[in-house]
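From the sequence below, what's the structure:
(one chain, ligands or ions: 1)
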Amino acid sequence: MKKTFSVIGITLAIIGFLYSGVHIFGTTAKFIEHHSLESSVKKLTNEKDKKTAELAAVTKKNADVKAQYQKLKADKKIKTVYLTFDDGPSGHTDQILEILKKNNIKATFFVIGIGKNFKDYKKITDQGHAIGLHSFTHEYKKVYANEDSFFKEFYQIRDAIKSTTGQDVKIIRFPGGSSNAIASKALKTAIINRLTREGFVYFDWNCDSTDASGNNVPVAKLVKYGICTTHSDINVLMHDTNAKKTTVQALQQIIDGYKKAGYTFETLNVNSPKIQHVKQPEMN
Ligand SMILES: [Zn+2]
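Numbers count the residues shown, from 1 in each chain. Okay, the predicted model is just below:
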């Protein structure tokens with residue numbers, strides 16, 4: 001009997017010893033695990049703080065440069081004009097390119113697709129000018145039928161340009177401008193939001209040469225309205241179509257007017273000043 005008790009006692013002691021051993025081991029393992037997690041979190045937190053500080057420094061530098069640029073602009077030391085030609089290419093494109101070349105300046109062409117020789121897009125880009133999207137057909141009823149129709153038009157012209165120039169164009173001009181009355185407000189908002197999501201930037205104008213008001217608008221009128229020196233950034237609306245002969249005739253005088261007023265000529269890109277009639281939300 002006594003022996004049996006002893007055996008039970010020893011067994012219990014062994015079990016107790018093993019249990020506490022396992023318990024101590026478990027606790028230690030947990031402690032080590034916790035400790036290494038804690039140091040990982042600390043390391044990551046330090047890295048995050050470092051990156052946040054770096055980002056803040058870059059953001060500040062960016063803001064400083066922008067502020068300096070704005071100050072220079074405000075002092076009127078930098079004045080920029082963006083000459084834009086819509087609806088081309090046309091039988092006048094070569095003449096327009098020739099005038100630009102002679103003046104050693106660059107412009108932006110918002111082109112369409114229907115009835116065009118796609119190879120003409122390359123003529124424009126080969127000479128260092130910017131090319132932008134202006135829909136494929138330019139038929140308001142089609143372009144503004146609905147959101148999908150609008151994007152179909154723009155993807156179509158984008159693809160046509162890409163296949164001939166290799167450029168994936170992100171700048172666009174709405175047919176009729178962003179403030180056109182053809183598209184409803186709801187449709188326009190949907191289009192603008194999607195354009196923004198997809199990285200497109202649209203450009204309107206703050207100087208209308210009035211060459212869309214009719215064909216053969218007198219040169220004197222185009223020159224009068226095509227030279228605007230009220231802002232330090234000017235986006236001039238002109239057209240490159242077979243019917244706009246006087247635009248070509250007025251072009252040299254318009255260029256001279258800007259040169260005389262101290263403007264430099266630039267091409268549009270996604271970072272250019274957003275001269276927009278309906279404001280686009282900021283991209284993230
Ligand atoms: Zn147009």
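
And the helices in the stretch 1-150 of the chain?
Listed in chain order, the helices of the stretch 1-150 of the chain (DSSP state H, counting those that start in this stretch) span 2-74, 93-102, 119-126, 140-143, 147-165.

If you tally nearby residues, what's the number for Asn173?
I think there's a mix-up here, since residue 173 is Arg and not Asn. By the criterion of other Cβ atoms under 10 Å, Arg173 has 24 neighbours. In short, each C-beta sits where N, CA and C put it, glycine included.

To clarify, my last question referred to Val111.
30.

Contacts only, for the nearest residue to Leu237 once chain neighbours are set aside.
Distances taken as Cβ to Cβ, 6 or more residues apart in numbering put Trp205 closest to Leu237, at 3.8 Å, once the chain neighbours are dropped. By Cβ atoms under 8 Å, 6 or more residues apart in numbering, Trp205 lies in contact with 84, 177, 235-237, 275.

Go ahead and build a PyMOL selection from the buried members of those.
In PyMOL syntax, the buried subset of the contacts of Trp205 is picked out as below (16 or more other Cβ atoms under 10 Å):
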select buried, resi 84+177+235+236+237+275
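
how about the contacts of Trp205 in a markdown table, adding secondary structure and pLDDT?
Formatted as a markdown table, those follow (DSSP: H, G, I helix; E, B strand; the rest coil; pLDDT from 0 to 100):
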| residue | secondary structure | pLDDT |
| --- | --- | --- |
| Thr84 | strand | 98 |
| Gly177 | coil | 98 |
| Asn235 | strand | 98 |
| Val236 | strand | 98 |
| Leu237 | strand | 98 |
| Ile275 | coil | 98 |
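
now the contacts of Trp205 in JSON lines, with distance to the ion?
Below are the contacts of Trp205 laid out as JSON lines (distance: Cβ to the ion, whole Å):
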{"residue": "Thr84", "distance to the ion": "10"}
{"residue": "Gly177", "distance to the ion": "9"}
{"residue": "Asn235", "distance to the ion": "14"}
{"residue": "Val236", "distance to the ion": "14"}
{"residue": "Leu237", "distance to the ion": "9"}
{"residue": "Ile275", "distance to the ion": "16"}
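
Return the distance of Ser39 relative to the ion.
Shown here: Ser39 relative to the ion, a distance of 63 Å by Cβ to the ion, to the nearest Å.

I'd like to know how far that residue sits from Asn46.
Separation of Ser39 from Asn46 (Cβ to Cβ, to the nearest Å): 10 Å.

With Lys162 instead?
Distance from Lys162 to Asn46, counting by Cβ to Cβ: 45 Å.

cool, and Ser272?
Per Cβ to Cβ, Ser272 is found 40 Å from Asn46.

coming back round to it: can you pick out the most distant pair from the contacts of Trp205?
Farthest apart among the contacts of Trp205 by Cβ to Cβ are Gly177 and Val236. That separation is 13.5 Å.

Looking at Lys162 and Asn46, which has the bigger crowd around it?
Between Lys162 and Asn46, counted using other Cβ under 10 Å, the more crowded position is Lys162 (13 against 10).
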